[in-house]
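Colleague: Got a predicted structure here, sequence first:
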Amino acid sequence: MRAWAELLRISAPASVPGDLLAGAAAAGLRPNTRTALATLSSLFLYEAGMALNDWADRDIDAVERPHRPIPSGRITPGAALAAAGGLTAAGLACAAAAGRPALVTGTALAATVWAYDLHLKNTVAGPAAMACARTLDLLQGAVATTVPDSPASPAARRALPSAALLGAHTFTVTTVSRREAQGSSSSLPLLSLAAVTALAHTAAGARPLVRLPASPTPAPPPTPTPAPAPALAPAEVAARILAVAYAATAARPLLLATLNPSPHFLQRAVGGGIRAMIPLQAALAARAGAPVTGTAVLALIPVARRLSRKVSPT
């Protein structure tokens, strides 16, 4: 069981349910039974990707990570590949039970997972493919939660900005993970730290300042003092707090990796980036006007921490 827990990286899937909940919130919908089925589908597909990843990397891991389950001989390559196929079939079955829109999105997600693990991972398209998978996962929550027999495209359009933010974070984490076994220069975690800061600013719902050009003409007469700005709504407050939590979770290990970009600290940065997905999902839900859903997503953090102490998510 320990070998299978390592193969499937059982601590990492704790970041999956928040995708679907944030997607439903971004679409302006309340989670329902179809959301739960779609979440189960995504969990199966995520674990299929974990098994397939180790199967595809078995020769590389034999050199760089001989302790992994397949190169160490604790799990055979055939068993890992069979697990990937079975988990994919289970994921698509759950997606079909959630409705046709969920099946369409789930099929696209499964195809992306297999394409990434079998070919795209070690190409320049690797981070983009992984970002696409997370984007589809959030959209899955939006389309699966729609009322049966109603068009799912409006919900997908409403959820697309949140999906893009989550995809951008995934792109950042995946880019760092490509160097976690060899190490890198300080520029990689430093650029990732800048990306996390920008994403946190956007997730908080902050608006850019508009600067007026300087005018050579005399200043106009004073205008009446404007009324004070209205107080922030609870959802806005929650979104800002959760965005700070996201930034803190992802930024600290990235800062350490900037100071020492060795494999050890890059692996910690990748793990922090995976865990940071949960407060980011919560912030996106609150940003969409669903702070209660965002709070529910945060309940997954203790689960992820407890499991990560037993099995590394990277």
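Modeller: Arrived safely.
Colleague: Isn't residue 288 up against residue 24?
Modeller: No. Judged on C-beta atoms under 8 Å, residue 288 makes no contact with residue 24 at a distance of 9.1 Å. Using the backbone N, CA and C atoms, a C-beta is placed for each residue, glycine as well.
Colleague: So for these two, which residue has more residues nearby?
Modeller: Between residue 288 and residue 24, counted using other C-beta atoms under 10 Å, residue 24 has the larger neighbour count: 31 against 25.
Colleague: Once you drop chain neighbours, what's closest to that one?
Modeller: Nearest non-adjacent residue to residue 24, counting by C-beta to C-beta, 6 or more residues apart in numbering: residue 145, 4.2 Å away.
Colleague: swap in residue 40?
Modeller: residue 94 is the one closest to residue 40 (C-beta to C-beta, 6+ apart), at 4.6 Å.
Colleague: thinking again about what came up before, could you check the pLDDT of the residue nearest to residue 24?
Modeller: On pLDDT, residue 145 comes in at 95.
Colleague: And for residue 215?
Modeller: 43.
Colleague: from now on call the first residue 513
Modeller: Okay, residue one is now 513; in that scheme the one you just asked about reads as residue 727.
Colleague: For stretch 571-579, give the mean pLDDT please.
Modeller: 90.
Colleague: Buried residues in that stretch, which are they?
Modeller: residue 573 (16 or more other C-beta atoms under 10 Å).
Colleague: measure residue 567 to residue 593 for me?
Modeller: Noted for residue 567: a distance of 5 Å to residue 593, by C-beta to C-beta, to the nearest Å.
Colleague: So for those two, which residue has more residues nearby?
Modeller: Taking neighbours as other C-beta under 10 Å, residue 567 and residue 593 compare with residue 567 leading, 22 against 16.
Colleague: show me what contacts that one?
Modeller: By C-beta atoms under 8 Å, 6 or more residues apart in numbering, the residues touching residue 567 are 582, 589, 592-593, 596, 629.
Colleague: Please, a ChimeraX command that selects the buried ones among those?
Modeller: Of the contacts of residue 567, the buried ones go into a single ChimeraX selection, burial set by 16+ other C-beta under 10 Å:
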select :582,592,593,596,629
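Colleague: Residue 557: which of the contacts of residue 567 is nearest?
Modeller: Of all the contacts of residue 567, residue 557 sits closest to residue 596, with 10.0 Å by C-beta to C-beta.
Colleague: surely the closest one meets residue 556?
Modeller: No. Look at residue 596 against residue 556 with C-beta under 8 Å: they stay out of range, at 10.5 Å.
Colleague: residues in contact with residue 780?
Modeller: 765, 768-769.
Colleague: picking up where we left off before, any idea how far the residue nearest to residue 552 is from residue 618?
Modeller: 8 Å.
Colleague: do the same with residue 802
Modeller: To residue 618, residue 802 is 23 Å away according to C-beta to C-beta.
Colleague: List the ones among the contacts of residue 567 that fall in helices.
Modeller: Cross-referencing those against helices under DSSP state H gives 589, 592-593, 596, 629.
Colleague: Is residue 681 within a helix or a strand, and which one?
Modeller: Assigned by DSSP states H and E, residue 681 belongs to helix 665-689.
Colleague: got the angle between whatever helix or strand comes next after that helix and helix 665-689?
Modeller: Later in the chain than helix 665-689, the nearest helix or strand by DSSP H and E is helix 699-715. Counting by axes from the mean of the first three to the mean of the last three C-alpha atoms, to 10 degrees, helix 699-715 lies at 150 degrees to helix 665-689.
Colleague: Look up which helix or strand residue 795 falls in, please.
Modeller: Assigned by DSSP H and E, residue 795 falls in helix 775-799.
Colleague: quick one: average confidence on that helix?
Modeller: Computed over helix 775-799, the average pLDDT equals 92.
Colleague: immediately after that helix, which helix or strand?
Modeller: From helix 775-799 onward toward the C-terminus, using DSSP H and E, the following helix or strand is helix 803-810.
Colleague: After that next one, which helix or strand is next? Please name it.
Modeller: helix 812-822.
Colleague: Pull out the buried residues from that next one.
Modeller: 812-813, 816, 819-820.
Colleague: can you redo the residues you listed as TSV with pLDDT and distance to residue 701?
Modeller: Shown next, in TSV, are the buried residues of helix 812-822 (pLDDT from 0 to 100; distance: C-beta to C-beta, whole Å):
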residue	pLDDT	distance to residue 701
812	89	25
813	87	23
816	80	21
819	78	24
820	76	20
